[in-house]
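Chemist: sequence first, then the predicted structure, then my questions.
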Number of protein chains: 2
Amino acid sequence: MPSFTVVGLEKFPLVKVGDDLARIIVEAAGANGVVVEDGDVIVVSQKIVSKAEGRLVRLRDVVPSERAREVAAVTGKDARFVELVLQETGRVVKAVPGFLVVEDRRGWVCLNAGIDKSNVSPESDAYLLLPVDPDGSARQIRREVMRLTGKRVSVVICDTYSRPFRRGQTEFAIGVAGVKVFRDYRGERDLFGYVLQVKNVAMVDELACAAELVMGQGNEAVPVAIVKGLKRVELCEESEASVNDLRLAMGEDFFEKSM
Amino acid sequence: MPSFTVVGLEKFPLVKVGDDLARIIVEAAGANGVVVEDGDVIVVSQKIVSKAEGRLVRLRDVVPSERAREVAAVTGKDARFVELVLQETGRVVKAVPGFLVVEDRRGWVCLNAGIDKSNVSPESDAYLLLPVDPDGSARQIRREVMRLTGKRVSVVICDTYSRPFRRGQTEFAIGVAGVKVFRDYRGERDLFGYVLQVKNVAMVDELACAAELVMGQGNEAVPVAIVKGLKRVELCEESEASVNDLRLAMGEDFFEKSM
């Protein structure tokens, strides 16, 4: 029968700028008694990728622009924090008291351009920006893990987001390497011969959710999970998959003008 | 280290009106060599719940109202299909050529009130409505599985939905029994002592996603998956959790007016 296992890597060291994440992941797997195998999907929290890549910023070092001061006045947020968000933003979608929704430079609509404070640093004014090129980060980790282990793995970088229409957050893929983003059923037949019209499952988002179930968001310190044994995952060349495949072009969003 | 396993139940029989799903699930688990244990989360596809509850409708039996004919003219959909959607709808959110987005009677914003055609029936005009009371359905399955096995399990009923802002579909919980909907971190401290402000993870949606990874959407015939060994799942009394906890009241959606 179809099955898979998700294991979270415990006692993961705190990650610093310049750390070699692939090596740390392989060592942590070993310390947890987890053998890296062909077909494993290594799901890595955005937090440690951003830290290793030096994406930590301190508000004391930020000088807000005039535009940031204006948006800060509307939202009630610190102008230096707003400056960080705007630097990561393509388009401000909504600025109201308490909330700043933007389409970030990568094309994702989210709160605060994904800039976050939890599990970032002991310094109270430290914030963490998303990786500059999450697919690139995933590819780098993948290549180095493959070099160290000799196994063909794939990598998904994940982060936690609020969703429209529904309370609470779930995990989403923000970078991928070596794994197909979708399982596309369109054109295939169902159990009764009906040709499927719409079903195109965002597998990498579901992998991110499965990983979050062992990662947690508080002081669990489990920033990496490995999904093992899932045959439905389709491995591919790095050039064949990008998280950008999840982006909707103008006019493609079924829910446009639904809010 | 934290870990869990998801097993899909293969060779599941085709479900008919009036079938005792709990008994079929327990038998299918046995046939797959899966032992039901305390703490298992049994994730059940909406499809088989709706079928067992007689929610299959044939368009030939539907007489469209005047309103359905109007919406059908706008959307280009069959007026009888639109009639089905409107009967399940609280509020039409958006009706444009090709798309009908509604807030359904249960308060969910989705395409076509969740009415679907894939893996429904060999009859070409057969459609499947969502269960009338998915929490109630989950509770009934849970109680009967617990009676049959003597184990304390929880149940999540899941369905596949398109999301705003992002291509493709993922799985969501539409009914729950005996498992907390969220892992709420608000007020807790992170690794560095920072008090978390927002993090409230929709665990049951992530459980649904994990289950979908073995279920599939085509001719896989795996409508039930069991999540085993996940300690982070918080079991609870049935009265302590409802899928309605995921509903946002007016003014609570961060993304309101973002589209």
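Modeler: Happy to help now that I have it.
Chemist: so A:Leu111 bridges to which residues?
Modeler: Under DSSP bridges, the beta-bridge partners of A:Leu111 are A:Val101.
Chemist: what sits against it?
Modeler: By C-beta atoms under 8 Å, 6 or more residues apart in numbering or on different chains, the residues touching A:Leu111 are A:Phe99, A:Leu100, A:Val101, A:Tyr161, A:Ser162, B:Phe254. In this view, the C-beta of every residue, glycine as well, is placed from N, C-alpha and C.
Chemist: by neighbours, which of the residues you listed wins?
Modeler: A:Leu100 (26 neighbours; other C-beta atoms under 10 Å in any protein chain shown).
Chemist: who's the closest spatial neighbour of that residue, skipping the chain neighbours?
Modeler: A:Thr75 (5.0 Å; C-beta to C-beta, 6 or more residues apart in numbering or on different chains).
Chemist: where exactly do the strands run in chain A?
Modeler: A:3-8, A:41-45, A:56-58, A:89-96, A:99-104, A:109-111, A:126-128, A:154-163, A:166-177, A:183-184, A:200-201, A:224-228 (DSSP state E).
Chemist: now those as TSV including distance to B:Ala138 and mean pLDDT?
Modeler: Formatted as TSV, these follow (distance: least, C-beta to C-beta, whole Å; pLDDT from 0 to 100):
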stretch	distance to B:Ala138	mean pLDDT
strand A:3-8	23	98
strand A:41-45	28	98
strand A:56-58	43	97
strand A:89-96	35	95
strand A:99-104	33	95
strand A:109-111	31	94
strand A:126-128	38	96
strand A:154-163	21	97
strand A:166-177	18	98
strand A:183-184	26	96
strand A:200-201	23	96
strand A:224-228	26	98
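Chemist: of those strands, which is nearest A:Glu70?
Modeler: Closest to A:Glu70 of the strands of chain A is strand A:89-96 (C-beta to C-beta; 8.9 Å).
Chemist: so what strands line up beside the closest one?
Modeler: strand A:99-104 (antiparallel).
Chemist: what sits up against stretch A:29-37?
Modeler: For stretch A:29-37, using C-beta under 8 Å, 6+ apart, the contacting residues are A:7, A:9-11, A:26, A:42, A:145, A:149, A:151, A:153, A:226, A:228, B:1.
Chemist: any quick ChimeraX command for the buried ones out of these?
Modeler: Burial among the contacts of stretch A:29-37 is assessed by 16 or more other C-beta atoms under 10 Å in any protein chain shown; the matching ChimeraX selection reads:
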select /A:7,9,10,26,42,145,149,153,226,228 /B:1
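Chemist: and the two most separated of the contacts of stretch A:29-37?
Modeler: Checking the contacts of stretch A:29-37 with C-beta to C-beta, the most distant pair is A:Lys11 and A:Lys151, at 22.2 Å.
Chemist: need the winner for burial among the strands of chain A.
Modeler: For the strands of chain A, the largest average neighbour count (mean count of other C-beta atoms under 10 Å in any protein chain shown) is found in strand A:41-45, namely a mean of 28.
Chemist: helices and strands around that strand, which ones?
Modeler: If contacts are counted by 3 or more C-beta pairs under 8 Å, 6 or more residues apart in numbering or on different chains; DSSP states H and E, strand A:41-45 sits against helix A:21-31, helix A:134-149, strand A:154-163, helix A:203-215, strand A:224-228.
Chemist: mind putting those into a markdown table with distance to B:Val36?
Modeler: Converted to a markdown table, the helices and strands packed on strand A:41-45 look like this (distance: least, C-beta to C-beta, whole Å):
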| stretch | distance to B:Val36 |
| --- | --- |
| helix A:21-31 | 31 |
| helix A:134-149 | 36 |
| strand A:154-163 | 30 |
| helix A:203-215 | 20 |
| strand A:224-228 | 23 |
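Chemist: nearest to B:Glu70, of the ones you listed?
Modeler: Judging the helices and strands packed on strand A:41-45 by C-beta to C-beta, what sits closest to B:Glu70 is strand A:154-163, at 31.4 Å.
Chemist: got the angle between that closest one and helix A:21-31?
Modeler: Strand A:154-163 and helix A:21-31 meet at an angle of 100 degrees, taking axes from the mean of the first three to the mean of the last three C-alpha atoms, to 10 degrees as the criterion.
Chemist: for strand A:154-163, enumerate the helices and strands it packs against.
Modeler: Using 3+ C-beta pairs under 8 Å, 6+ apart: strand A:154-163 touches strand A:41-45, helix A:46-52, strand A:109-111, helix A:134-149, strand A:166-177, helix A:203-215.
Chemist: go with 7 Å
Modeler: strand A:41-45, helix A:46-52, helix A:134-149, strand A:166-177, helix A:203-215 (3 or more C-beta pairs under 7 Å, 6 or more residues apart in numbering or on different chains; DSSP states H and E).
Chemist: out of the ones you listed, nearest to A:Glu88?
Modeler: Nearest to A:Glu88, of these and by C-beta to C-beta, is helix A:46-52 at 11.5 Å.
Chemist: mean confidence score for the closest one?
Modeler: Computed over helix A:46-52, the mean pLDDT rounds to 98.
Chemist: break chain A into its domains for me.
Modeler: Domain assignment for chain A, taken from automatic domain parsing, gives A:1-53+A:131-243, A:56-129.
Chemist: residue contacts, A:Cys209?
Modeler: Neighbour list for A:Cys209: A:Thr170, A:Glu171, B:Glu206, B:Cys209, B:Ala210 [criterion: C-beta atoms under 7 Å, 6 or more residues apart in numbering or on different chains].
Chemist: do the same with A:Leu129
Modeler: A:Ser50, A:Arg55, A:Val57, A:Leu84, A:Glu88, A:Ile115.
Chemist: farthest pair within the residues you listed?
Modeler: Longest span within the contacts of A:Leu129, C-beta to C-beta: A:Ser50 and A:Leu84, 12.6 Å.
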